[in-house]
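Engineer: Predicted structure and sequence below. I'll ask about it afterward.
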Amino acid sequence: MLKEQVEQALGVIRPQLQADGGDIELVGVDETSGVVKVKLTGACGSCPMSQMTLKSGVERVLKEVVPGVTSVESA
């Protein structure tokens with residue numbers, strides 16, 4: 001259930017990343033700990049600001065939208 005909610009939330013975030021030439025892939029969700037693993041691709045994968053995007057953008061949105069998400073990590 002958590003994985004489906006994360007996928008839906010990433011669908012909302014994805015267009016913003018694609019506008020900058022990047023994208024995001026869901027690698028996995030640990031239902032027990034609430035840790036979400038994602039991979040930033042395209043321009044976002046090699047961007048020096050990718051960790052800030054991951055924590056300040058993706059993690060913040062997922063925590064707000066999906067109850068149970070505790071953190072987002074790069075895979």
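Structural biologist: Looks like it arrived, so ask away.

Engineer: distance of the residue minimising distance to the centre of the chain from residue 12?
Structural biologist: Centroid-nearest residue in the chain, with Cα atoms, centre = their mean: residue 58, separated by 4.5 Å. With distances taken as Cβ to Cβ, to the nearest Å, residue 58 is found 11 Å from residue 12. (Glycine included, C-beta is placed from N, CA and C.)

Engineer: List the beta-bridge partners for the closest residue to the residue nearest to the centre of the chain other than its chain neighbours.
Structural biologist: Leaving aside its sequence neighbours, residue 58 sits nearest to residue 72 (Cβ to Cβ, 6 or more residues apart in numbering; 5.3 Å). Beta-bridge partners recorded for residue 72 (DSSP bridges): residue 36.

Engineer: for residue 72, what are its contacts?
Structural biologist: Residues counted as contacts of residue 72 (Cβ atoms under 8 Å, 6 or more residues apart in numbering) are 35-38, 54-55, 58-59, 62.

Engineer: what do you get if the cut-off is 6 Å, keeping everything else the same?
Structural biologist: Counting by Cβ atoms under 6 Å, 6 or more residues apart in numbering, residue 72 makes contact with 36, 58-59, 62.

Engineer: now for the longest helix seen in the chain, which elements pack on it?
Structural biologist: Identified as the longest helix of the chain according to DSSP state H is helix 2-19. Judged by 3 or more Cβ pairs under 6 Å, 6 or more residues apart in numbering; DSSP states H and E, helix 2-19 is in contact with strand 22-30, helix 60-65.

Engineer: Three-state assignment for the residue lying farthest from the centre of the chain, please.
Structural biologist: Centroid-distance maximum for the chain: residue 32 at 17.7 Å, with Cα atoms, centre = their mean. When classified by DSSP: H, G, I helix; E, B strand; the rest coil, residue 32 comes out as coil.

Engineer: quick one, phi/psi of it?
Structural biologist: phi -80, psi -50 (degrees, to the nearest 10).

Engineer: What are the buried residues along the worst-scoring helix or strand of the chain on mean pLDDT?
Structural biologist: In the chain, the helix or strand scored least confidently by mean pLDDT, DSSP states H and E is helix 43-46, which has a mean of 86. The neighbour-count criterion (16 or more other Cβ atoms under 10 Å) identifies residue 44 as the buried residues of helix 43-46.
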